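Q: quick one, structure for this:
(2 chains)
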Amino acid sequence: MKTTLKNAFNDWNDDLIDISTNTLCEDTGISSDSIKLSVLSQLALNKKKKIFGRSFKFTVIAATLATALIIGTTAINANGGVQLVLEEFFGGNMNSAGLYDGGDVKITSLDPNLDIEFLGVTGDERNVYAVIEIFKKDNTAFTDGGYINPTMSADNRGQQEFINSIQKNPPETPDELISKMNTFYGIRAVCRDRNGNNFGFGDNGNAGIIPKYYLSDDRKILKILVHLDMQSASGTKHLDARDGTMTIISTSFSALKNIQTIAAYDKDDQNMWSEETFKAFQEKCREMNIGDTDWRTLYTPDKMIRCVVDEKQYPLPFEITFTMNYRNNGNIKKSLHHSDAPHFIEKNTKTVDMTVSAFQIYIYGHSDDVYKQRLFQPIDMKNSKVIFNDGTELYLEGTQGSGGGGPASGEVHDSVILSYRTMPDLTYYLEDTLIDTREIKQIIINGDTVYSR
Amino acid sequence: MNDHRLAKRLKSKDQKAFEKIIEKYTPLVSTVIYNTSKGSLTKEDIEETVTDVFITLWNNADNVIEDKLKGYLCRIAKTRALNKISAVNAHPLLNIDDFDFQDDFSISAEVENKQLANELREIISKIQMPDREIIVRYYYYSQNTTQIAKVMNLNPNTVKTKLRRSRDKIKTKLIERGYTI
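A: Got it, this is the predicted structure:
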C-alpha cells in the first residue's frame, strides 16, 4: 500500500517558510462574520452536549456575542477575557446577571510601542470593574528581571501602602484624597453620567480607583483590573453609572522586587492572620532592624510573602473611554424589618433595603431613633450564608459602614456590605467569590433567613 | 495581535481571542478547503466545513502550540475538507492545465506518518527559495500551479518544472535515508 506525497504533507510547519496569508487566500465569497455567527450559535446550541468544560459560562457568552453580532453593536460585553480576569480575582463563576456592558470604546495610546486592548467592563449597581490588556509591540518585557507584579495580589501598591503614604500629610478634602490616590497609583478615572455631568469628586469628575496589575510570568502581558467603588466615588450617586461614561487615564505602574524575605506563609496556613503570627513577624522585623512600614506583602498563588522590596515605576501612558450600558439586572432587592431578622436588625431600625448582586450584598438601614447609631448587629460569619439550588453554600463576611446622621438630620442611617466567602474564616484575604444570583435558594444572616425562593 | 498571543489566550478559553482568530483566519481556512476540494464542494459545504474547523479548534484549544496556530488550522482544514469530500461522495474536478502526470511520488504507508512528516520537513527546509515556497504552497496549502504562478509572478510551466525538480530531490533524499519509493 502506498501513499502519495500530497497525503504525506499532513503536518504543517510555519517554520519552513512564512508565506504571507494574503497571497494564499482566494476569494471564496465566505464572510468571517457569518462564520463567527455560525460557530458561536452552534457552540451555544450544543451546550447540552457539554462541548465545553465550563459549558454554562460559555453558553451565556456565546449567546451574548451572537446577539451582539445580529444587532451589529460595537459594545464590549462582559466576555471571556473579563471573566477570566475576574475569576482570577474572585475565584467564582462569572455570569451575566446584573452586569454592565461597555460600548463606544476609544483607546488612545500615548506610547506608540503599546498594543492596548479593552477586554470589557462589568459591575453591579455599586462596583464597576474594567479589564484592560496591554502588550508591547516589540514583544519585550514590561519590567526588568526580577521585578514582578504577582498574580493573586496584583496589590503591588496596596491600600495599606497608600494609607502609610498619606499618614504624614493627610488630605483635608475628598478631592485632595483622590488627587493623592491618582498620583500614588499612576492611574485615575473620570466618570460622567448619561447627561455628561461629572459625578466624581471635584471639577474634573475624578474618581478614586484602585488598579490591580497582573503581569504574566514572562513579564510581557499586563492585565489591569480597575475597580471603581461608585459609593465612595460620590455618595449615593452610583445609580448614575447606568449609561454613563468612564475614562481611565494611566500614566505609570510600579513593580516590586523581593530583595529580602522576612516571612513566608502557605496559602492554607490557618494561622496566617492570627495575632500571634503577626507578633512573631513584628519581633522578627525588630531583630532584622526593619521598620514598621519598610516591608511589603507579595502574593503568589501558593504563598503570602512579607519582604523588603525594591520598587520601580514604569511609564504606561494611555487613555480608554467607554460607556457603561447597564443591561441585565440580575440583582435581587428586598425590604427587611426587625421581625425578619431579629438576630441581625436592631429593634430601633425602621426600614432596611437589601440588594443582592453577583459581587456582594448591600444592606442600608434607616431609623428615626436619632440616639442609636448602630442599626445592625455584628455579622456572625459561621451563621451567615447563601445556599444555592444545587445545595452548595457560601459564607457571608460582613463589613459594617460608618453610620451617620443624628439629631440634626432627624434620622440615622447605617450600612453593612456582605462578601461571599468559601471559608468561614479569613484564611486568605484576597479570596472573594462571585455568584449567580439566579441560583440563590436562601440567604441566612446571623441564623435568620432574610431571603428564600 | 499576533498569533502567539492569540493562541495563548485561546488556550485559556478566551472567547474574544477566539473571535479574533475566526476573523483573521476565515479567508485562509476557506481557501485551503476550497483548494483541497478542487471544485467538488459547494459554497454551503465549504461554509459548513469552515465552521467545523473553528469548532474543532475551540474544542482542542489545549493542543495548540502558540507559534503554530496557522499551520494547526490549515491541518484541520485540510483533514475536514477531505472528510467532507468523502461524506458527500464528491469527486475533485482536476483542471487539465494543472494536471501533472509526473506527480507519481508514493511511499510505503507503513512508514509512521509522524516520522515521515519530520523527515520531509527537514529535507524541504534545505531546498533553496523560491523552489521551497512553491513546494510549500503546492503541498501544504493545496494551491494549484496556476495559482502559484500568479502570486509568485512566474510562468505556470516554470512552476511545474520547479515542482518536478524539487520532487526528485526529495525522492533522492528519502531513498538515501532508507525509504522505499
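Q: quick one, longest helix in chain B?
A: helix B:15-37 (DSSP state H).
Q: confirm for me that A:His337 is in contact with A:Val352.
A: Yes: using Cβ atoms under 8 Å, A:His337 is in contact with A:Val352, at 6.8 Å. Every C-beta, even on glycine, is put in place using the N, C-alpha and C of the backbone.
Q: where do the contact lists of those two overlap?
A: A:Ile345 (Cβ atoms under 8 Å, 6 or more residues apart in numbering or on different chains).
Q: so between those two, which is more surrounded?
A: A:Val352 (26 against 12; other Cβ atoms under 10 Å in any protein chain shown).
Q: what's opposite that one in the beta bridge?
A: A:Leu336, A:Gly365 (DSSP bridges).
Q: quick check: which element contains whichever residue of chain B sits closest to chain A?
A: As assessed by Cβ to the nearest Cβ, chain A sits closest to B:Gly71 within chain B, at 3.0 Å. According to DSSP states H and E, B:Gly71 maps onto helix B:69-87.
Q: check which residues of that helix are buried.
A: B:69-78, B:80-82, B:84-85 (16 or more other Cβ atoms under 10 Å in any protein chain shown).
Q: cool, stretch B:125-144 as well?
A: So, applying 16+ other Cβ under 10 Å, buried residues of stretch B:125-144: B:127, B:130-144.
Q: quick check: mean pLDDT of that stretch?
A: For stretch B:125-144, mean pLDDT rounds to 82.
Q: please enumerate the strands of chain B.
A: Under the criterion DSSP state E, chain B contains strands at B:106-108.
Q: and for the stretch 301-450 of chain A?
A: Taking DSSP state E, counting those that start in this stretch, the strands of the stretch 301-450 of chain A run over residues A:303-328, A:332-336, A:351-356, A:360-367, A:385-388, A:393-400, A:404-406, A:411-421, A:440-445, A:448-452.
Q: which one of those strands has the lowest average pLDDT?
A: Lowest mean pLDDT within the strands of the stretch 301-450 of chain A: strand A:404-406, a mean of 69.
Q: A:Thr261: what secondary structure?
A: Three-state assignment for A:Thr261 (DSSP: H, G, I helix; E, B strand; the rest coil): strand.
Q: surely it is in contact with A:Ile305?
A: Yes: between A:Thr261 and A:Ile305 there is a contact at 5.8 Å, judged by Cβ under 8 Å.
Q: more neighbours: which of the two?
A: Counted by other Cβ under 10 Å, A:Thr261 and A:Ile305 do not tie: A:Ile305 has more neighbours, with 20 against 13.
Q: buried stuff in stretch B:19-34?
A: For stretch B:19-34, burial by neighbour count (16+ other Cβ under 10 Å) applies to B:19-22, B:24-34.
Q: out of those residues, which are close to chain A?
A: B:Glu19, B:Ile22, B:Lys24, B:Tyr25, B:Thr26, B:Pro27, B:Leu28, B:Ser30, B:Thr31, B:Tyr34 (Cβ under 8 Å from any Cβ of the partner chain).
Q: how far away is B:Met152 from A:Ile19?
A: 10 Å (Cβ to Cβ, to the nearest Å).
Q: spit out the residues that contact those two alike.
A: Each of B:Glu133, B:Arg137 lies in contact with both B:Met152 and A:Ile19 under the rule Cβ under 8 Å, 6+ apart.
Q: before we move on, the earlier item: the longest helix of chain B packs against which elements?
A: Counting contacts by 3 or more Cβ pairs under 8 Å, 6 or more residues apart in numbering or on different chains; DSSP states H and E, helix B:15-37 packs against helix A:32-45, helix A:55-71, helix A:80-90, helix B:3-11, helix B:43-59, helix B:69-87.
Q: neighbouring contacts of the last one?
A: Applying Cβ under 8 Å, 6+ apart, the contact partners of helix B:69-87 are A:10-14, A:21, B:3, B:6-7, B:10, B:21, B:25, B:28-29, B:32-33, B:36-37, B:40-41, B:45, B:48-50, B:52-53, B:56-57, B:63-65, B:90, B:92, B:140-142.
Q: out of those residues, which are buried?
A: Looks like the contacts of helix B:69-87 have A:10-14, B:3, B:6-7, B:10, B:21, B:25, B:28-29, B:32-33, B:36-37, B:40-41, B:45, B:48-50, B:52-53, B:56-57, B:64, B:90, B:140-142 buried, using 16+ other Cβ under 10 Å.
Q: so where is chain B shaky, pLDDT-wise?
A: B:1, B:89-117, B:179-181 (pLDDT under 70).
Q: which parts of it belong to which domain?
A: Domain segmentation of chain B under automatic domain parsing yields B:3-87, B:96-176.
Q: could the ones you listed go into CSV alongside distance to A:Ile187?
A: Shown next, in CSV, are the domains of chain B (distance: least, Cβ to Cβ, whole Å):
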stretch, distance to A:Ile187
domain B:3-87, 22
domain B:96-176, 46
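Q: ends of stretch A:267-281, how far apart?
A: The straight-line separation of the ends of stretch A:267-281 (Cα to Cα, to the nearest Å) is 16 Å.
Q: list the buried residues in it.
A: A:Lys267, A:Met272.
Q: and the average pLDDT for it is what?
A: Averaging pLDDT along stretch A:267-281 yields 78.
Q: could you tell me the angle between the helix or strand hosting A:Lys279 and strand A:303-328?
A: Take DSSP H and E as the rule and A:Lys279 turns out to sit in helix A:275-287. Relative orientation of helix A:275-287 versus strand A:303-328 (axes from the mean of the first three to the mean of the last three Cα atoms, to 10 degrees): 120 degrees.
Q: which other helices and strands contact helix A:275-287?
A: strand A:245-266.
Q: tabulate the CA atom coordinates of the strand it packs on in CSV.
A: The C-alpha coordinates for strand A:245-266 follow below in CSV (Å, rounded to 0.1, in the frame of the first residue of the first chain):
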residue,chain,number,x,y,z
THR,A,245,-19.1,57.2,30.6
MET,A,246,-15.8,56.4,32.2
THR,A,247,-12.4,57.5,31.1
ILE,A,248,-9.4,55.7,32.6
ILE,A,249,-6.2,57.7,32.3
SER,A,250,-3.0,55.8,33.1
THR,A,251,0.5,57.3,33.4
SER,A,252,2.6,54.6,35.1
PHE,A,253,2.6,51.4,37.1
SER,A,254,5.0,50.0,39.6
ALA,A,255,6.6,46.6,40.1
LEU,A,256,8.4,45.1,43.0
LYS,A,257,11.4,43.0,43.5
ASN,A,258,11.7,40.9,46.6
ILE,A,259,15.2,41.7,48.0
GLN,A,260,14.8,40.2,51.5
THR,A,261,12.1,37.8,52.7
ILE,A,262,11.1,38.3,56.3
ALA,A,263,8.4,35.7,56.4
ALA,A,264,6.5,33.5,54.0
TYR,A,265,3.2,31.7,54.8
ASP,A,266,1.4,29.0,52.9
